[in-house]
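Engineer: my questions are about this predicted structure, shown below with the sequence.
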Amino acid sequence: MTQDEIRTTRRTPRGRVEFRAVPGFRGAEELVDECLRWDVRRSGVWRTIAGEELALKGGPLASRGVRRHGLRRALLAAPAPCEAERRNLEWLSKRLFRCAEPVASVTLRRRGAPVQQLLATRWVAGADPFDDAWQRAADPERRALAEEVGREVGRMHALRFLHGDLYPRNALVTQRADDGGPGHGRRIVWIDAWAAGPTAWRRGAPYRVERDLGAWFSEAADWMDRAQQDQLLTAYADARAANGRPIPNLDTFLQRIRSARRAELAKLEREPRRLRGRPFPIAGWDPN
């Protein structure tokens, strides 16, 4: 969003509502009402608002999230998660990554802490989650997708940007972009960047780079064969080197990815709901 973005604030019986949108967006009232109606967290909801097809995500924050983000607001002037994600998507787009295009964000605050939120991005027509597209793809297309993931994530990390939620479900696959704009020639569209950002590198140290890849392979190791995994990791290492941030020790790097993946599996054991009905991933995995 630019300096000309729409910014409004209003008080309601439920708290203070902050609204931010791209210039010219005419659906402020409708989007605020949509946000205030949601009583559970949802993602990927499709709506036509002010003549635009939008994907919506948001809902009420859990009490733990309210406390955490309220404290971060008080101490660091940190934005609400939906506002942070909007900024992260803009950051990626400016650096020619293909990602969901943010349109507007709504935050409901009480005593300064965010309690409810909504993010609207332009609907990506004809897109499928990465894992669904992978299952339908032939082997040559799978190799191309694996290489694109490695190349794009490697460039992302070389620019000191961490995704923070890099699961295959948070990448979409669509038709190749041939319009000359951001993402030209690529098929992968990045979404769900709420935990991401260039500042994430400073917050969590470079080890979070391996955690990004550990999250990816916590799911993808089940359905990417060894050659496809090697192709992704090779493209990743090449992109890091080409962008001035080579991997200092590849063996150590791969061991850390494996450790990060084990941490992801431990998280699934503690919270089986994260599996979303899928079988538990294979426990043994060696990226060497």
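Structural biologist: That came in fine, so what should we check first?

Engineer: just the strands in the stretch 101-250 of the chain please.
Structural biologist: Using DSSP state E, counting those that start in this stretch, the strands found in the stretch 101-250 of the chain span residues 102-110, 113-122, 128-129, 171-173, 188-190.

Engineer: out of these, nearest to Ala137?
Structural biologist: strand 171-173 (8.3 Å; C-beta to C-beta). Where you see a C-beta, it was placed from the backbone N, CA and C, and this is true even at glycine.

Engineer: what is the closest one packed up against?
Structural biologist: For strand 171-173, the packing partners by 3 or more C-beta pairs under 8 Å, 6 or more residues apart in numbering; DSSP states H and E come out as strand 128-129, helix 130-136, strand 188-190.

Engineer: ok, it: who's next to it in the sheet?
Structural biologist: In the sheet, strand 171-173 lines up against strand 128-129 (antiparallel), strand 188-190 (antiparallel) (DSSP bridges).

Engineer: on that earlier part again, now render the strands of the stretch 101-250 of the chain as a markdown table, adding mean pLDDT, mean neighbour count and distance to Ser259.
Structural biologist: Below are these laid out as a markdown table (pLDDT from 0 to 100; neighbours: other C-beta atoms under 10 Å; distance: least, C-beta to C-beta, whole Å):
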| stretch | mean pLDDT | mean neighbour count | distance to Ser259 |
| --- | --- | --- | --- |
| strand 102-110 | 95 | 24 | 34 |
| strand 113-122 | 96 | 24 | 32 |
| strand 128-129 | 93 | 15 | 26 |
| strand 171-173 | 96 | 24 | 23 |
| strand 188-190 | 96 | 22 | 25 |
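
Engineer: right, and those - which one's nearest Arg37?
Structural biologist: When these are compared by C-beta to C-beta, strand 113-122 sits nearest Arg37, at 9.7 Å.

Engineer: for the closest one, what is the distance to the chain centroid?
Structural biologist: 15 Å (C-alpha atoms, centre = their mean, to the nearest Å).

Engineer: quick one on the thing from earlier: out of the strands paired with strand 171-173, which comes closest to Ala77?
Structural biologist: Nearest to Ala77 among the strands paired with strand 171-173 is strand 188-190; the distance by C-beta to C-beta comes to 26.1 Å.

Engineer: contacts for the closest one?
Structural biologist: Outside strand 188-190, the residues that touch it by C-beta atoms under 8 Å, 6 or more residues apart in numbering are 89, 92, 97-100, 124, 127, 130, 145, 148-149, 152, 163, 170-174, 183.
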